[in-house]
Structure formats: structure tokens, C-alpha cells
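K.L.:
Here you go, sequence then predicted model.
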Amino acid sequence: NAGVTQTPKFQVLKTGQSMTLQCAQDMNHNSMYWYRQDPGMGLRLIYYSASEGTTDKGEVPNGYNVSRLNKREFSLRLESAAPSQTSVYFCASTVAQGFNQPQHFGDGTRLSIL
Amino acid sequence: QKEVEQNSGPLSVPEGAIASLNCTYSDRGSQSFFWYRQYSGKSPELIMSIYSNGDKEDGRFTAQLNKASQYVSLLIRDSQPSDSATYLCAVPGWSGYSTLTFGKGTMLLVSP
């Protein structure tokens, strides 16, 4: 049982390049999330999808777009990468919307923008 | 914006001691609380959840919740060097959805 799978694990981009981070979960979860984690800033929510067919902005959505492709997959796209987007990106999922639902994380994507 | 505050540490304890990690939160309406452990270079891993006032024990871990004072704590008994990690506290972020607001985490160092 893989849980939450993120690809790629590492990536280096040049400023202005575009890229899509992929996330898939095999736990039949309804809700999925994208976070970024920077030193001293903690985990910050970029976008989330409460259920298939819906997406919403989180705390730091600027410069990103997302697609909930189906129930399993939730992708994050950087249209024109900037050095400020250098970070570790985590995808997470949870059973359903509502309280008392912990989130389960993928292994992360380490992204460097030069 | 809901806030979750944690002392960044590092909190240093000797092997075998009790480590006490604390977290305060701003929203009195929060109903559920989670502790995650994150090893350096790894992803957060859920270790405890607590929903009611009082203590919840799971092995060497005890979560304590005091809603009136708006704090939640994590006690680690018989600390081991393998417990050295950053511990993240999380509470629900938005009403009706399973978003979470995370604290910045407390780094724990357990020395042999």
C-alpha cells in the first residue's frame, strides 16, 4: 500500500520555466492538499481539493495552479517558476471533509529554482 | 486566520527523560488536535490525535488537551535518540473542511 505518492522527488528549474508536480493517493480519500515548507515558516497550505471536482485557495496560492484530475490525483503547476518558489512541496490527503480528520503526507518534492 | 504557536527549540533532553512539548492555539472552537513527527529531510508523520479534554496515552506518548486554556501538549516518556525530530502541532483551519493549520514545530534533541 503506497499511500500518497509524489513525483518527482527532486527537481531543478530555471527561472521562468514551468513544471507540474504530481500527486496520487491509493487510500480512496476524498480530500487532497498541497503544502510548501520553508525554513522558519512551517507548513503552509497552497491549494486544496475538498472533493473530486472542487479546488480552493489556501494561504499562499499566488504563482500556482492545481488540477484535481480524478479522485486519486491532484497536481500542482508552476507556470513561470521564480526563485521564491524554491521549497519542499508536500501533498497530503484525508478521508473526507469535516473535523477530526488527520492528513497523511507524501514524501515530498524538493524543488530548486535558479 | 487561526494561529498555532510552538516554541521552536531545540528542546534538549537526556536519554530516558520525559520530553514535554507544548502548543497553544487561538481558536476556542477547535475540536480536534494532531501531533506530527518530522525527521530531518522526511515528511510529517501522524503520531497522536486528541479530541477531548484530558490525557490520551499511546505507548510512550501522551497527549494532553486543555480547551479552557487553549493548549495541547505532547509528553514523550523514556525518550530515545530516535525520538530526535521536529514535532508539529496542527488544528483545523477552516470550519467545515479538513484543512489544518500547523505550528512551526519544536525541534527535540535526545542525547545518549
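P.N.:
That came through, no problem. Residues are numbered from 1 along each chain as shown, chains lettered A, B, ... in the order given.
K.L.:
Chain B contacts on chain A?
P.N.:
Selection of chain A residues close to chain B by Cβ under 8 Å from any Cβ of the partner chain yields A:31, A:33, A:40-43, A:45, A:48, A:50, A:56, A:58-59, A:90, A:94, A:96-108. No exception for glycine: its C-beta is placed from N, CA and C like everyone else's.
K.L.:
Just give me the neighbour total for B:Met48.
P.N.:
Neighbour count for B:Met48, taken as other Cβ atoms under 10 Å in any protein chain shown: 20.
K.L.:
residue contacts, residue 28?
P.N.:
This is for chain A. The neighbourhood of A:Asn28, defined by Cβ atoms under 8 Å, 6 or more residues apart in numbering or on different chains, consists of A:Lys71.
K.L.:
Chain B, not that one
P.N.:
Contacts of B:Arg28 by Cβ under 8 Å, 6+ apart are B:67, B:70.
K.L.:
what's the helix or strand for it?
P.N.:
Here B:Arg28 is covered by no helix or strand, with elements defined by DSSP states H and E.
K.L.:
Can you verify my assumption that A:Met56 contacts A:Ala50?
P.N.:
That one is not Met; residue A:56 is Asp. Yes. With contact defined as Cβ atoms under 8 Å, A:Asp56 reaches A:Ala50; the gap is 6.9 Å.
K.L.:
Can you pick out the residue with more neighbours from the two?
P.N.:
More neighbours surround A:Ala50 than the other of A:Asp56 and A:Ala50, with 22 against 14 (other Cβ under 10 Å).
K.L.:
For the more buried one, give its distance to B:Asp27.
P.N.:
19 Å (Cβ to Cβ, to the nearest Å).
K.L.:
Same question for A:Ser87.
P.N.:
26 Å.
K.L.:
what's the answer for B:Thr62, then?
P.N.:
Taken as Cβ to Cβ, the span from B:Thr62 to B:Asp27 is 23 Å.
K.L.:
out of A:Ser87 and B:Asp27, which sits in the more crowded spot?
P.N.:
Per other Cβ under 10 Å, whichever of A:Ser87 and B:Asp27 has more neighbours is A:Ser87, with 21 against 16.
K.L.:
which non-adjacent residue is nearest that one?
P.N.:
A:Arg36 (4.3 Å; Cβ to Cβ, 6 or more residues apart in numbering or on different chains).
K.L.:
so where does the one you found fall, helix or strand?
P.N.:
strand A:31-38.
K.L.:
Which other helices and strands does that strand contact?
P.N.:
In this structure, strand A:31-38 packs against strand A:19-25, strand A:42-49, strand A:64-68, strand A:74-78, strand A:87-94, with contacts taken as 3 or more Cβ pairs under 8 Å, 6 or more residues apart in numbering or on different chains; DSSP states H and E.
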